[in-house]
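In: next one to model:
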Amino acid sequence: MMVLMALGGVYVPHGEFKWLAVLEGLLPLRPQDLTRRLGDVLTAPLAQGIEALHALWEDTYALVGKHFPELEPVQKARRWLNRPAERFSPLGWPP
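Out: Got it, this is the predicted structure:
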């Protein structure tokens with residue numbers, strides 16, 4: 001959301017997204033169906049939520065690439081976010 005707000009020059013004076021649908025309407029550059037898709041990220045079963053989040057990342061990368069092609073860090077962020085997740089067990093759990 002912060003990247004999309006920066007793309008659109010939208011400032012929200014707090015970090016909460018309580019009024020996400022209103023905020024979506026203020027963003028001139030945004031993935032299609034943003035509010036619904038973010039809801040899917042939070043409410044869908046884990047695998048589908050991860051897929052929904054990944055699709056939103058890709059759509060956001062595409063917006064940045066289209067409107068700000070000179071920003072090389074976008075490619076760096078895409079490589080970092082698309083790398084395989086590391087597995088770990090906090091405090092040795094599960095055994």
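In: quick one: residues contacting residue 48.
Out: Contact partners of residue 48, counting by C-beta atoms under 8 Å, 6 or more residues apart in numbering, are residue 40. Every residue, glycine included, has its C-beta placed from N, CA and C.
In: count of neighbours near residue 2?
Out: For residue 2, the number of neighbouring residues by other C-beta atoms under 10 Å comes to 9.
In: name the element the residue positioned nearest the centre of the chain belongs to?
Out: For the chain, the residue nearest the mean C-alpha position is residue 57 (4.7 Å; C-alpha atoms, centre = their mean). Using DSSP states H and E, residue 57 falls within helix 46-67.
In: can you mark which positions in that helix are buried?
Out: 52-53, 56-57, 59-61, 63-64 (16 or more other C-beta atoms under 10 Å).
In: still on that earlier bit, distance of the residue nearest to the centre of the chain relative to residue 11?
Out: Separation of residue 57 from residue 11 (C-beta to C-beta, to the nearest Å): 23 Å.
In: for this protein, which spans come out with low pLDDT?
Out: 12-17, 72-75, 77-78, 80-95 (pLDDT under 70).
In: how about the helices in it?
Out: 2-8, 20-26, 34-43, 46-67, 73-81 (DSSP state H).
In: flag every buried residue along the first one.
Out: With burial defined by 16+ other C-beta under 10 Å, the residues of helix 2-8 counted as buried are 4-5, 7-8.
In: same thing with the second one?
Out: When neighbours are counted by 16+ other C-beta under 10 Å, the buried residues of helix 20-26 are found to be 23-24.
In: same question for the third one.
Out: Neighbour-count burial for helix 34-43 flags 34, 37-38, 40-41 (criterion: 16+ other C-beta under 10 Å).
In: got TSV for these, with distance to residue 21 too?
Out: Converted to TSV, the buried residues of helix 34-43 look like this (distance: C-beta to C-beta, whole Å):
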residue	distance to residue 21
34	9
37	12
38	10
40	14
41	15
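In: and those residues, which is closest to residue 18?
Out: For the buried residues of helix 34-43, the closest approach to residue 18 (C-beta to C-beta) belongs to residue 38, at 12.8 Å.
In: what's the closest one in contact with, if anything?
Out: Here residue 38 is in contact with 1, 20, 56 (C-beta under 8 Å, 6+ apart).
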